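Student: have a look; sequence and predicted model below, questions after that.
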Amino acid sequence: MLRQLLAGASLRATSRRTLLHHSHLKTPPTFLRHAQPPRRRITNQAGGPFEALRPPSPISLGAPRPARSFDRIQKYTRRILILSGLLATTYLLDRQIYASGIARSVRTFSLGLLVALDYKLNFRSEPLPLIGAEGGIDSLHKRNAERLFNLLRDNGGLYLKIGQAIAMQSAVLPPEFAKMFSRMFDDAPQDAWEEVEKVIREDFGGKGVEEVFGISWSGQEGKGVMERTARASASVAQVHWARLADGKEVAVKIQKPEIAKQVGWDLWAFKTVTKVYSWWFDLPLYSLVPFITERLMLETDFENEARNSERMRDLVNSEPGLRGRVYVPPVYPELSSKRVLTTEWIEGVRLWDKGALTGPWIGGYGKGSAGVHGAQLSLPNMDDIRRELRENPNSQSLKPERTEWKGRRGKGGLGLSTGDVMTTMVDLFSAQIFKWGVVHCDPHPGNIFIRRLPNGYPELVLIDHGLYVYMSEKFRREYSEFWKSLMTFDNKRIGEITAEWGIKAADLFASATLLRPYEGGSGEFKNQMLTQLDAKMTSSQRHYEMQKKMKQGIRDILADEEKWPKELIFIGRNMRIVQGNNQYLGSPVNRVKMMGEWASRSLFEDPNRSWRERTGHMYRHMLFKGVLFLSDVAFYFFRVRQLLGIGGGMEDEVEARMRSVAKEFGVELQHDVFEG
C-alpha cells in the first residue's frame with residue numbers, strides 16, 4: 001500500500017516537471033495538444049487582437065483635463081468666515097467698550113421698522129387680508145405695545161426713562177399702550193456691588209469706598225458702615241444706605257457703570273428712530289428731540305442734579321407758604337461727583353402707600369415721624385450692626401427699621417388727611433410752574449415721601465432732582481396768563497398767546513393743558529371733526545377717520561416748530577403726574593382751581609413788574625377769586641356725592657367727561673398709569 005502511494009506521488013511530480021520543461025516552447029507537447037479543447041480568438045473592444053499587460057500610449061488618452069476646482073464655494077466660505085470674525089469682534093468690542101450700545105441700537109431699529117410697517121399696512125378702516133391683520137385696530141395696538149414694552153425693558157437704562165415718559169402721556173395713547181407701559185415704574189434690576197464700586201473708584205481718583213466715606217467693612221470701631229445691597233434701584237442708578245463715622249445716615253446714589261457707555265448710542269438711536277417716524281408718518285416731532293435728549297442727558301449728570309436740588313431747597317425755604325411743609329434733603333458735595341450723589345437719608349412713607357398715609361397714628365401725641373425738618377434719626381445699636389457686618393458682610397439688615405409708629409400689629413399709619421397731602425403737593429408744583437419757573441418734571445409717587453409733623457399735618461419730601469425745566473421770564477408770565485384765561489374763558493387772550501407760541505388749534509391745546517374738555521372755546525376743531533363724518537360709516541371707518549383728524553390736530557398744535565415752547569413737553573408731564581396723584585388719592589382737592597389761583601397770584605407777586613402792573617393784576621386777582629367760587633361749588637358738589645357713595649370725585653368726573661368727548665373723536669383715554 002505504501003509502495004503504491006509513493007509511486008503515485010512520483011508520477012505526479014514527473015508530470016509537473018514535464019509541463020514546466022515545455023512551457024517555454026511555442027507549441028505545447030503532443031500529449032497536451034491532443035488533450036486541450038480548441039482555442040477561441042480573443043479580441044479587444046476596438047476589434048484588434050488582445051494584448052495582455054500592455055499600457056495605453058499617451059496619445060491614445062487624449063489631451064489632459066484640468067483638475068476640478070470649487071472657486072465659488074471657497075470664495076463664499078472665505079467671506080462668511082471673515083464676516084463672522086468681524087461680527088464676533090464687533091460684538092465683543094461693543095460689549096466691553098459700549099456696554100452693548102450698538103446691539104441695543106440694532107434691536108431698536110429692527111423693531112421700530114417692524115412696528116412702523118405693521119401700522120403702515122394694517123392701520124386702516126378695512127384691514128388687508130394679511131397675516132397679523134386679524135382683530136382690527138385694537139389687536140394692532142396690543143401687539144405693538146407688547147413689542148415696544150419688551151424692547152424698552154430688555155434694553156434698560158435710558159430706554160426705561162423713555163418708557164416712563166410714554167406711560168405719562170397716556171391721555172393721547174391707546175389703552176393697550178398705557179396699561180403696558182404703566183409697568184415701567186417698577187424697580188429695575190440692580191447691578192452687583194463690585195460693578196458700582198468701580199464707579200466710586202473712578203470718580204474719586206482711585207480711592208476706595210472705605211477711604212471716601214470713612215467706613216469699615218470689618219466693623220472697625222470709630223468707622224462708619226455701609227450696605228452693599230441697594231435699597232432701591234432705578235433705570236439710571238441705585239441707592240445704598242450708609243451711616244458715616246459722625247452718625248449721619250446718608251443715601252448714596254451710584255450711577256450704574258453701563259449708563260455712561262450706553263447714553264450716547266441710546267440718544268442717537270432715539271433721534272434716528274424719531275427722525276424716521278416723523279418723515280414716515282408726516283408728524284412734526286423731530287424738532288422736539290434735541291430738547292428732550294438734552295434733558296435726558298442731564299439726568300445722567302449728578303452734579304447737575306445736586307445743583308437742581310440745592311436750588312429747589314433754597315426756593316422752598318424762601319417761600320413762607322411752603323417752608324416747613326416741604327423738605328428737600330441736603331446734598332453732601334464732598335461725598336458727591338458726576339456719577340455719585342450723597343444726600344440725607346429719608347425715613348418716610350411713599351405716596352403710593354395710601355394705607356400707611358391714612359392709618360391711625362399711634363406714635364404719641366405731639367410727636368412726628370422720624371426725621372421731620374431734618375432732625376437727626378434715632379441712634380442705632382452700632383455694636384449689633386458691627387457684629388452683623390463681621391458675620392455677614394453682604395447683610396441687607398444693617399439699617400435699623402424704624403417702624404414703631406405702625407404698632408405691634410403693624411396696622412398703624414401716619415394718621416394724615418389725603419386732602420392735606422394733595423394741598424401741599426399742588427401748592428409746591430404750582431409755585432414751581434407759575435412763580436419760580438423752576439420745575440421738577442418727574443414727581444411720580446416713587447419720588448415723593450410723606451412724613452408726619454408734630455402738629456399732625458404732612459411734610460412732603462421731594463427727591464430725585466435730575467429732570468428739571470427752567471422757564472424764561474417771558475414764557476412763565478405768558479403761561480400764567482394762559483392758565484388764568486382758561487379759567488375765565490378769555491378766548492381772545494388765549495388766541496393771542498397760542499398764536500405767539502405758533503399753535504393753531506387753540507381749543508384742543510386748551511383741553512390738553514387743563515386735562516379736561518375746555519368748554520369756553522369756539523368748538524371749531526370739534527365741529528370740524530364731527531361734521532365731516534359720514535353717518536353711514538361703520539364703527540371701524542369712523543374710528544379710522546377720527547384718528548386721521550387727530551393727527552392733523554397734532555400738526556396744528558405744533559404748527560410753527562420754531563415758536564413752539566419746548567418746555568411745554570415737560571410741564572405737561574408734571575401736571576399729568578400731579579393729576580394722577582390726586583386721582584389716586586381719591587380726588588380730595590380741586591386741583592384746577594388751586595393752580596388757577598397760583599397762576600393769577602403770581603402775576604401780581606412778580607417782583608420784576610412795575611407797581612402799576614402789579615396793582616392792576618391784584619385788582620383782577622380779587623375778581624378772579626370770585627369766579628373761582630363757582631369752581632368750588634362744583635368741586636364740593638362732587639365731593640359730597642363721593643362721600644355718599646353716589647359717584648366719584650371731581651377728578652373722576654372730569655376724566656369721565658374727557659373720556660366722553662374723546663370717544664366722539666375716536667380716542668379712548670387711559671389714565672391708570674400707576675396700576676400695578
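Tutor: Arrived safely.
Student: when you work out contacts or count neighbours from here on, use the C-alpha atoms and nothing else.
Tutor: OK.
Student: quick one: average pLDDT of stretch 221-234?
Tutor: Stretch 221-234 carries an average pLDDT of 90.
Student: what about that stretch, how long is it end to end?
Tutor: By C-alpha to C-alpha, to the nearest Å, the extent of stretch 221-234 from end to end equals 33 Å.
Student: what are the buried residues along it?
Tutor: Under the neighbour-count criterion of 16 or more other C-alpha atoms under 10 Å, stretch 221-234 has 223, 224, 225, 226, 227, 228, 229, 230, 233, 234 buried.
Student: for stretch 289-306, same thing?
Tutor: 289, 292-293, 295-297, 299-306.
Student: contacts for it?
Tutor: Contacts with stretch 289-306, where a contact means C-alpha atoms under 8 Å, 6 or more residues apart in numbering, come from 158, 236, 255, 259-260, 263, 267, 271, 274, 331, 333, 336-341, 464-468, 566.
Student: try 7 Å this time
Tutor: Identification of contacts with stretch 289-306 by C-alpha atoms under 7 Å, 6 or more residues apart in numbering yields 267, 271, 331, 337, 338, 339, 340, 341, 465, 466, 467, 566.
Student: quick one: that stretch to chain centroid distance?
Tutor: Centre-to-centre, stretch 289-306 and its host chain are 15 Å apart (C-alpha atoms, centre = their mean, to the nearest Å).
Student: about what we covered before: so which of the buried residues of stretch 221-234 are in strands?
Tutor: 225, 226, 233 (DSSP state E).
Student: returning to what we had before: identify the farthest-apart pair in the contacts of stretch 289-306.
Tutor: Of all pairs drawn from these, the widest gap by C-alpha to C-alpha lies between 271 and 331 and measures 33.2 Å.
Student: can you map out the helices along the stretch 301-450 of the chain?
Tutor: 302-318, 354-358, 382-391, 418-430 (DSSP state H, counting those that start in this stretch).
Student: any weak-confidence spans in the stretch 51-200 of the chain?
Tutor: Along the stretch 51-200 of the chain, the parts satisfying pLDDT under 70 run over 51-53, 94, 96, 98-99, 125, 127, 129-136, 164-176, 178-187.
Student: all the helices of it, residue numbers only.
Tutor: Ranges of helices in the stretch 51-200 of the chain, per DSSP H, counting those that start in this stretch, are 58-61, 71-97, 101-122, 136-155, 158-168, 175-181, 193-203.
Student: which one of those helices lies nearest to residue 647?
Tutor: Nearest of those (C-alpha to C-alpha): helix 175-181, 23.0 Å.
Student: returning to what we had before: could the ones in strands among the buried residues of stretch 221-234 be laid out in JSON lines, adding distance to residue 117?
Tutor: Shown next, in JSON lines, are those (distance: C-alpha to C-alpha, whole Å):
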{"residue": "225", "distance to residue 117": "55"}
{"residue": "226", "distance to residue 117": "51"}
{"residue": "233", "distance to residue 117": "35"}
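Student: ok, the residues you listed vs residue 209, which is closest?
Tutor: Distance ranking of those against residue 209, using C-alpha to C-alpha, places residue 226 first at 9.2 Å.
Student: the residue nearest to residue 197 when sequence neighbours are not counted and residue 395, how far apart?
Tutor: Residue nearest to residue 197 in three dimensions, not counting chain neighbours: residue 209, with 7.2 Å by C-alpha to C-alpha, 6 or more residues apart in numbering. Residue 209 sits 17 Å away from residue 395, going by C-alpha to C-alpha.
Student: what do you get for residue 491?
Tutor: 62 Å.
Student: what is the burial count for residue 416?
Tutor: The tally of other residues near residue 416 (other C-alpha atoms under 10 Å) stands at 22.
Student: next up, the contacts around the nearest residue to it once chain neighbours are set aside.
Tutor: Nearest non-adjacent residue to residue 416, counting by C-alpha to C-alpha, 6+ apart: residue 358, 5.1 Å away. Counting by C-alpha under 7 Å, 6+ apart, residue 358 makes contact with 413, 414, 415, 416, 417.
Student: of the residues you listed, which is the most crowded?
Tutor: residue 414 (27 neighbours).
Student: quick check, pLDDT for that residue.
Tutor: Residue 414 is given a pLDDT of 94.
Student: might you report the residue contacts of it?
Tutor: 356, 357, 358, 359, 360, 361, 452.
Student: closest one of these to residue 95?
Tutor: Nearest to residue 95 among these, counting by C-alpha to C-alpha, is residue 356 at 43.9 Å.
Student: count the residues that sit near the closest one.
Tutor: Using other C-alpha under 10 Å, residue 356 is surrounded by 23 other residues.
Student: isn't residue 214 up against residue 223?
Tutor: Yes: contact criterion C-alpha atoms under 7 Å: residue 214 and residue 223 qualify, at 6.0 Å.
Student: identify the contacts common to those two.
Tutor: residue 245.
Student: how about the strands in the chain?
Tutor: Under DSSP E, the chain gives strands at 225-226, 232-233, 237-243, 249-255, 326-327, 340-344, 349-350, 438-440, 448-452, 458-462, 468-470.
Student: of all these, which lies closest to residue 511?
Tutor: strand 438-440 (21.3 Å).
Student: what helices and strands are in contact with that closest one?
Tutor: Counting contacts by 3 or more C-alpha pairs under 7 Å, 6 or more residues apart in numbering; DSSP states H and E, strand 438-440 packs against strand 468-470.
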